[in-house]
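Engineer: with the sequence up front, the predicted model follows.
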Amino acid sequence: MLSILRNATVYAPQALGRQDLVVGGGRILWLGPSAPRLPRELLAVDRDLEGRRLIPGLVDCHVHVTGGGGEAGFASRVPPLGLRRFTEAGVTSVVGLLGTDDTARSTAELLATTRALCEQGMSAWCWTGGYHVPPATLTGSVRGDIVHLDRVIGVGEVAVSDHRSSQPTLDEILRLAADAHVGGMMTGKAGVLHLHVGDGERGLELVWSALESSELPARVFHPTHVNRRKALFDEALSLAERGCTVDVTAFPVAEGEDAWSADEALLRYLDSGLPPERITVSSDGGGGLPVFDAAGRVASMDVGRPAALSACLRRLLVRGRPLEQVLPAFSSNVAAHLRLPGKGRIAAGADADLVVLAEGGEVTEVMLGGAWQQGSERESLTPHNA
């Protein structure tokens, strides 16, 4: 079906003002100030957005699509996430992963769940491996998984500076990063080592050592959760200056906690003068968010939610930041770093993954690959030229 979207205030993510779009075949076919008149025989559906903001679908690079958790026993395992959990949050592209439990949960299960989301209209990829080294792979190597498995774009979330990790050595980190890099070169995929960074005092020490002792480009290393401690975030800023892209997580932060919320971390990054394209925001959706006592036992547990992304974006707007300034960290920055063509932007030829925002920044409607999602469309559709 062809669709014409009229009078959209477009953030692509740059501010384009009032624009019309023609959508068909899952892509944006045309973008401009006044949509061309189409022949009646094409049966295009005409929609007036009446000036509401239209943004590219959010790209979430850190989602436990099969469910995470498990640190407090098998009963604490989080169930898989359904499609609607993403679309209600304005998330149209995800990268799935395994975390602490890369034993009972498998890369095969992760890949199957990723493909299932694709069959439902989502755009989905995954990291091979999990917290631990050697990584759990399907072909026997990280490089093999990236080269031979269609949806695998890199390796992660490999844990460092965390008591749940396998305490990887520098040589092990270098081998993983090298395999990811070469696999990415062979396929045109991201070829990234996505690193879970825990609360440990060593912080990003292994990443710095890897950069100083190898020829690997800085872009290969993509540390996440860097806002979980304020000192760690300061270290991540230096790493971004060195050329890495760093990822902040939209997890809840209590008042007085030694951490930055994702919105505060993003603003501090943008105000630092560092390259604005080197920061991304992810949700940790479906993942367990445990709090540990001094003995390493779970004292309390929360669960990450995909909706944390759109909630974080809304808080940034409430704080008065321009949408075009903060939106790239949720969209085009992620797509560019992970080499996901057609994602994270609104342009002719890009994929028709679109989100309509209410005046307060809430997600009201979502389009996946040119199709409005059930429950997201609140107005009747009028056939073009009827």
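Structural biologist: Nice, thanks for sending it over. Numbering: from 1, shown residues only.
Engineer: got the residue ranges for the helices in the stretch 251-386 of the chain?
Structural biologist: 262-271, 307-318, 323-326, 332-337 (DSSP state H, counting those that start in this stretch).
Engineer: can you list those helices in TSV and add mean pLDDT and mean neighbour count?
Structural biologist: Every residue, glycine included, has its C-beta placed from N, CA and C. Formatted as TSV, the helices of the stretch 251-386 of the chain follow (pLDDT from 0 to 100; neighbours: other CB atoms under 10 Å):
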stretch	mean pLDDT	mean neighbour count
helix 262-271	98	21
helix 307-318	96	21
helix 323-326	98	18
helix 332-337	98	22
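Engineer: which among those helices is found nearest to residue 155?
Structural biologist: helix 332-337 (14.9 Å; CB to CB).
Engineer: who touches the closest one?
Structural biologist: 13, 56, 59-61, 93, 190, 192, 219, 222, 245, 276-280, 282, 340-341, 343-345 (CB atoms under 8 Å, 6 or more residues apart in numbering).
Engineer: for residue 111, grab phi and psi.
Structural biologist: With angles defined as degrees, to the nearest 10, residue 111 sits at phi -60, psi -40.
Engineer: related to what we said a few turns ago, list buried residues within the contacts of helix 332-337.
Structural biologist: Among these, those classed as buried by neighbour count (16 or more other CB atoms under 10 Å) are 13, 56, 59-61, 93, 190, 192, 219, 222, 245, 278-280, 282, 340, 343-345.
Engineer: okay, helices next: where are they in the stretch 51-200 of the chain?
Structural biologist: Using DSSP H, counting those that start in this stretch, helices in the stretch 51-200 of the chain cover 83-87, 107-119, 142-148, 170-187.
Engineer: what distance separates the first one from the centre of its chain?
Structural biologist: What it means is helix 83-87. 14 Å (CA atoms, centre = their mean, to the nearest Å).
Engineer: poorly predicted segments of the stretch 151-300 of the chain, please.
Structural biologist: The model of the stretch 151-300 of the chain has pLDDT under 70 over residues 288-293, 298-300.
Engineer: rerun that using 90 as the cut-off
Structural biologist: Along the stretch 151-300 of the chain, segments meeting pLDDT under 90 span 251-252, 254-256, 286-300.
Engineer: tell me what the residue sitting nearest the centre point of the chain is bridged to.
Structural biologist: Compute the mean C-alpha point of the chain, and by CA atoms, centre = their mean the closest residue is residue 60, 1.7 Å away. Beta-bridge pairing for residue 60 (DSSP bridges): residue 94.
Engineer: coming back round to it: of the helices of the stretch 251-386 of the chain, which is nearest residue 294?
Structural biologist: helix 262-271 (26.4 Å).
Engineer: CA atoms of that closest one as PDB?
Structural biologist: Only the C-alpha atoms of helix 262-271 are listed here, as PDB (Å, rounded to 0.1, in the frame of the first residue of the first chain):
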ATOM      1  CA  ALA A 262      20.800   8.700  30.800                       C
ATOM      2  CA  ASP A 263      19.300  12.100  30.100                       C
ATOM      3  CA  GLU A 264      21.800  13.800  32.400                       C
ATOM      4  CA  ALA A 265      24.700  11.800  31.000                       C
ATOM      5  CA  LEU A 266      23.700  12.700  27.400                       C
ATOM      6  CA  LEU A 267      23.500  16.400  28.200                       C
ATOM      7  CA  ARG A 268      26.900  16.300  30.000                       C
ATOM      8  CA  TYR A 269      28.300  14.600  26.900                       C
ATOM      9  CA  LEU A 270      26.800  17.100  24.500                       C
ATOM     10  CA  ASP A 271      27.900  20.000  26.600                       C
END
